[in-house]
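Novice: got a predicted structure here, sequence first:
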Amino acid sequence: MNIKKSILILTILTTAILSSCTAKESKPELGSNVDYKRMREYPKWVIQPTYDKGIAGIGSAKITDLGFDFARKEAMASARLDLGGQIKTKVDGLFKSYTSKIGVGDSTSVDSLAENIAKELVSIDIKGASLKDTWISPGDELFVLMTIDRERLVESTTKAINNSNNYTDENLKLKIKAESSQAELQRELNTYFGSFDNVELPEKQPVIKKEEN
């Protein structure tokens, strides 16, 4: 084997070894190569965040020389992004189902309304998200669990849908604000944000005319 071939083979082997080491060093704690033995030490909510009264989001940040408070803020920001993504997904699903049931076809105005409502919900609800739990992993990574109550989600969504500023189409606004559409809206909200067995739409009170003396 000549010298050039030997140098080429040595270079290839060295590159492969270095790449392998780099991959091992940068392996994320919850990445594709999961350390299941270590994960047994994790709280259940870190692996599968749930909240029986609404939606739950999880975020994490490494605790560095910048301190615990900095890591906490970073982890909470990450959890809010998680919550925001869930809200957008739920609003998208809700509108596809809701508009089809009230007889509104797919249109630019419907998509625009759904987008405006999702933005309003995210801006309002994630600011009111509650910090429920925290945990520091053996690798000094801070995990936080943040939640939003379903009552808040339903209330915010209802207000956003009834907010005239979110509409670009007057006919669409009239269609959605119709009494039958509002009843369907309540059913869809219960489906996407949780069931309320004891919650009903308020009935219209009969108008009582005063008798003239």
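Specialist: Sure, I can see it.

Novice: which residues touch Ser112?
Specialist: Contacts here follow Cβ atoms under 8 Å, 6 or more residues apart in numbering; on that basis Ser112 touches Thr168. In short, each C-beta sits where N, CA and C put it, glycine included.

Novice: typo on my end, Ala160
Specialist: Ala160 neighbours (Cβ under 8 Å, 6+ apart): Asn116, Ile117, Glu120, Leu121, Asn166.

Novice: same list (those residues) but as CSV, adding secondary structure, neighbour count and distance to Ile55.
Specialist: Formatted as CSV, the contacts of Ala160 follow (DSSP: H, G, I helix; E, B strand; the rest coil; neighbours: other Cβ atoms under 10 Å; distance: Cβ to Cβ, whole Å):
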residue, secondary structure, neighbour count, distance to Ile55
Asn116, helix, 17, 20
Ile117, helix, 23, 16
Glu120, helix, 19, 17
Leu121, helix, 22, 11
Asn166, helix, 18, 22
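
Novice: closest one of those residues to Lys73?
Specialist: Distance to Lys73, by Cβ to Cβ, is smallest for Leu121 among the contacts of Ala160, at 22.6 Å.

Novice: circling back to that earlier point, and which of the contacts of Ala160 is nearest to Lys159?
Specialist: Glu120 (8.3 Å).

Novice: so what does Lys44 look like in phi/psi?
Specialist: phi -60, psi -40 (degrees, to the nearest 10).

Novice: how much space separates it from Ile55?
Specialist: 17 Å (Cβ to Cβ, to the nearest Å).

Novice: again with Lys119
Specialist: From Lys119 to Ile55 the distance is 17 Å (Cβ to Cβ).

Novice: which of the two has more neighbours?
Specialist: Ile55 (22 against 16; other Cβ atoms under 10 Å).

Novice: got the buried residues for the helix or strand that that one is a member of?
Specialist: Per DSSP states H and E: Ile55 is located in strand 54-62. Using 16 or more other Cβ atoms under 10 Å as the test for burial, strand 54-62 gives Gly54, Ile55, Ala56, Gly57, Ile58, Gly59, Ser60, Ala61.

Novice: pretty sure the first one is touching Met146, no?
Specialist: Going back to what we said before, that points to Gly54. No - between Gly54 and Met146 there is no contact under Cβ atoms under 8 Å: 10.6 Å.

Novice: the nearest residue to Phe70 once chain neighbours are set aside: neighbour count?
Specialist: What sits nearest to Phe70 in space, not counting adjacent residues and going by Cβ to Cβ, 6 or more residues apart in numbering, is Thr64, at 7.5 Å. Residues near Thr64, counting by other Cβ under 10 Å, number 11.
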